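Peer 1: Pasting a predicted model and its sequence here:
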Amino acid sequence: MRTLKLAAALTTALLATSAVAAPIKTAVFAGGCFWSMEHDMEPIPGVSRVVVGYAGGTAPNPSYENHRGYLESVRVTYDPAQISYHDLVARYLRVTDPTDTGGAACDRGPTYAPAIFVSSPQEKQAALAAIAEAQPHVNGRIITPVLPAGRFYMGEGYHQGYAHKNPVAYNMYRMGCGKDARLRQVWKR
């Protein structure tokens with residue numbers, strides 16, 4: 001009898017470990033300086049990786065020195081078993097100024113505009129729902145566009161993890177830029 005119980009327990013354990021896990025997904029967002037976007041999206045539960053780069057343009061191989069037509073963006077790798085795309089969009093909206101098409105805080109110009117890049121009709125529907133739910137909590141009108149995802153170009157290595165590699169410089173930038181003060185103005189508390 002003991003052998004049968006042990007065999008049953010081992011079989012259950014094997015089945016549990018061989019179950020197919022939900023696939024890891026990615027999402028792409030723009031909303032100001034990609035250093036700040038990376039910094040603010042990394043701690044979200046369910047997010048496993050955030051990389052900075054360029055999205056929304058058409059010219060091949062953008063770089064920091066030449067990314068005309070692109071938005072500074074982040075590609076967020078997340079586990080949909082821990083956070084839904086809808087909830088990820090809701091969290092993204094909270095870390096950017098979704099009311100400003102001209103940039104974010106002190107970062108001005110078209111490269112810093114907000115955008116949500118979607119890869120499917122389901123993502124588009126979830127993003128639009130998250131925006132609609134956030135609207136009553138914002139001073140102003142949410143204008144963040146929901147755009148079809150295109151190619152994401154990863155940014156240069158020295159931009160990846162900038163806030164972690166250069167905490168003093170990053171914190172001085174963030175404070176001087178006024179991002180947190182601006183977010184307090186935008187979001188009703």
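Peer 2: Arrived safely. Being a predicted model, the structure only gives us computed values, none of them experimental. Residues are numbered from 1 along each chain as shown.
Peer 1: tell me which residues in stretch 123-135 are buried?
Peer 2: 123-124, 126-127, 130-131, 134 (16 or more other C-beta atoms under 10 Å). C-beta here means a position set from N, CA and C on the backbone, and glycine is covered the same way.
Peer 1: Make a markdown table out of those residues and add distance to Leu88.
Peer 2: Below are the buried residues of stretch 123-135 laid out as a markdown table (distance: C-beta to C-beta, whole Å):
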| residue | distance to Leu88 |
| --- | --- |
| Glu123 | 10 |
| Lys124 | 14 |
| Ala126 | 9 |
| Ala127 | 9 |
| Ala130 | 9 |
| Ile131 | 13 |
| Ala134 | 13 |
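Peer 1: Quick one: the strands in this structure, in order.
Peer 2: 25-30, 47-55, 71-78, 103-104, 107-108, 115-118, 146-148, 153-154 (DSSP state E).
Peer 1: Pairing partners for the first one, with directions?
Peer 2: The pairing partners recorded for strand 25-30 under DSSP bridges are strand 71-78 (antiparallel), strand 115-118 (antiparallel).
Peer 1: Need the winner for burial among these.
Peer 2: Greatest average neighbour count among the strands paired with strand 25-30 goes to strand 71-78 (a mean of 24), per mean count of other C-beta atoms under 10 Å.
Peer 1: Output it as PDB, nothing but the C-alphas.
Peer 2: The C-alpha trace of strand 71-78 is given here as PDB (Å, rounded to 0.1, in the frame of the first residue of the first chain):
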ATOM      1  CA  LEU A  71       9.300  56.800 -30.100                       C
ATOM      2  CA  GLU A  72      11.500  56.000 -27.200                       C
ATOM      3  CA  SER A  73       9.800  52.900 -26.000                       C
ATOM      4  CA  VAL A  74      10.100  49.800 -23.800                       C
ATOM      5  CA  ARG A  75       9.400  46.200 -24.500                       C
ATOM      6  CA  VAL A  76       8.000  44.600 -21.400                       C
ATOM      7  CA  THR A  77       8.200  40.800 -21.000                       C
ATOM      8  CA  TYR A  78       5.400  39.600 -18.600                       C
END
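Peer 1: Great, nothing more from me.
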